[in-house]
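Student: coords please:
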Amino acid sequence: MIAQREPAAVAISVRHLTKRFGDTVALDGVTLDVPTGQVLGLLGPNGAGKTTLIRILLGLTRLTSGEAELLGRPAGSRDVRPRVGYMPQDLAVYVDLSVEENVELFGRLYGIHGTRLRAREEEVLELVQLSDRQRSVVAELSGGMRRRVSLAAALVADPDLLLLDEPTVGVDPELRAEFWEFFHRLTDRGKTVVLTTHYLEEANRADRVVFLHGGTVLAYGAPAELKHRTGTENLEDAFLHLVRAGSGRSG
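Tutor: Residues are numbered from 1 along each chain as shown. Take a look at the predicted model:
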């Protein structure tokens with residue numbers, strides 16, 4: 001029997017994180033804490049540093065300076081990897097395999113086998129509503145269903161932390177709403193979900209959001225708090241207000 005871990009109060013801790021690619025500064029002194037059991041939205045336009053931050057947290061990209069910890073361990077640590085699920089923006093499943101074959105493959109990569117793997121396959125396919133399509137080849141599925149397969153692959157190891165890069169891009173509004181409901185079901189179970197998006201208004205469903213712009217943190221807090229702070233009615237206007245304020249043009 002596997003011993004239950006006591007959840008840490010903070011799932012992610014980043015301190016003064018900087019990443020440079022040559023003369024380009026992708027992240028510039030980012031500092032933030034992500035509480036356990038919440039959905040955090042990383043918001044900002046293309047090039048804001050969202051994907052770079054996710055890749056550093058996964059250990060796929062080395063930081064230039066600063067510190068980053070996941071679940072109490074340095075980012076990229078071997079012992080923390082099985083506890084982290086990742087869904088990239090680009091499709092990361094094999095289109096010539098069936099839905100269940102993809103989930104099984106990713107489960108085996110996480111070291112899950114036998115009856116436990118079969119049980120997890122059934123559970124995650126039910127969660128993403130693909131039980132009736134488990135034998136379908138991914139190439140035959142719609143774009144939204146393919147995103148569900150990617151999400152199932154990220155979930156099969158029952159991770160404590162999910163890092164999702166643009167999980168709702170290219171999906172219809174109904175499926176987008178279903179994804180958000182699912183994310184909150186995960187946090188109700190003590191999981192932590194961090195996702196990037198450039199759909200600012202959907203992030204009203206997040207517990208907290210981070211506005212990234214030019215590799216820096218413009219603001220961090222609950223959506224309602226940021227709208228109140230900026231005197232705006234939606235997150236897009238709040239973001240634009242903060243950008244103008246940061247560049248010295250108030251209003």
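Student: pretty sure Arg20 contacts Leu63?
Tutor: No - with contact defined as Cβ atoms under 8 Å, Arg20 does not reach Leu63; the gap is 9.5 Å. C-beta here means a position set from N, CA and C on the backbone, and glycine is covered the same way.
Student: Please identify which of the two sits among more neighbours.
Tutor: Shown here are Arg20 and Leu63; by other Cβ atoms under 10 Å, Leu63 has more neighbours (23 against 14).
Student: Make sure that one is actually in contact with Arg15.
Tutor: No - assessed by Cβ under 8 Å, Leu63 is found out of contact with Arg15, at 10.5 Å.
Student: Overlap of the contact sets of these two?
Tutor: Listed as contacting both Leu63 and Arg15 by Cβ atoms under 8 Å, 6 or more residues apart in numbering is no residue at all.
Student: what ranges do the strands span in the chain?
Tutor: Ranges of strands within the chain are 10-21, 24-35, 39-43, 65-70, 73-74, 84-87, 161-165, 192-197, 208-213, 216-221, based on DSSP state E.
Student: TSV for these, including distance to Asp172?
Tutor: Conversion of the strands of the chain to TSV gives the following (distance: least, Cβ to Cβ, whole Å):
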stretch	distance to Asp172
strand 10-21	30
strand 24-35	28
strand 39-43	19
strand 65-70	32
strand 73-74	38
strand 84-87	18
strand 161-165	18
strand 192-197	15
strand 208-213	23
strand 216-221	29
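Student: I'd like those written out as TSV, with distance to Ala139 and mean pLDDT added.
Tutor: Shown next, in TSV, are the strands of the chain (distance: least, Cβ to Cβ, whole Å; pLDDT from 0 to 100):
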stretch	distance to Ala139	mean pLDDT
strand 10-21	34	96
strand 24-35	34	95
strand 39-43	31	96
strand 65-70	34	96
strand 73-74	38	93
strand 84-87	19	93
strand 161-165	22	95
strand 192-197	26	94
strand 208-213	35	95
strand 216-221	40	95
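Student: Go through those and name the closest to Ala154.
Tutor: Closest approach to Ala154 among those (Cβ to Cβ): strand 84-87, 3.8 Å.
Student: quick one: contacts for the closest residue to Gly59 other than its chain neighbours?
Tutor: Spatial nearest neighbour of Gly59, excluding adjacent residues (Cβ to Cβ, 6 or more residues apart in numbering): Gly76 at 2.1 Å. Gly76 is in contact with 58-60, counting by Cβ under 8 Å, 6+ apart.
Student: Now a ChimeraX select for only the buried ones of those residues.
Tutor: Buried residues within the contacts of Gly76, by 16 or more other Cβ atoms under 10 Å, are selected in ChimeraX with:
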select :58,59
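Student: So what's the residue count around Ala154?
Tutor: Neighbour count for Ala154, taken as other Cβ under 10 Å: 22.
Student: Now do the top helix by length along the chain against strand 24-35, angle only.
Tutor: Of all the elements of type helix in the chain, the one with the most residues (DSSP state H) is helix 173-188. On the basis of axes from the mean of the first three to the mean of the last three Cα atoms, to 10 degrees, helix 173-188 is oriented at 60 degrees to strand 24-35.
Student: now for helix 173-188, which elements pack on it?
Tutor: strand 39-43, helix 143-155, strand 192-197 (3 or more Cβ pairs under 8 Å, 6 or more residues apart in numbering; DSSP states H and E).
Student: what's that helix in contact with?
Tutor: Contacts for helix 173-188 (Cβ under 8 Å, 6+ apart): 37-39, 127-129, 144, 147-148, 151, 162, 167-168, 171, 193, 195, 199, 202, 205, 207.
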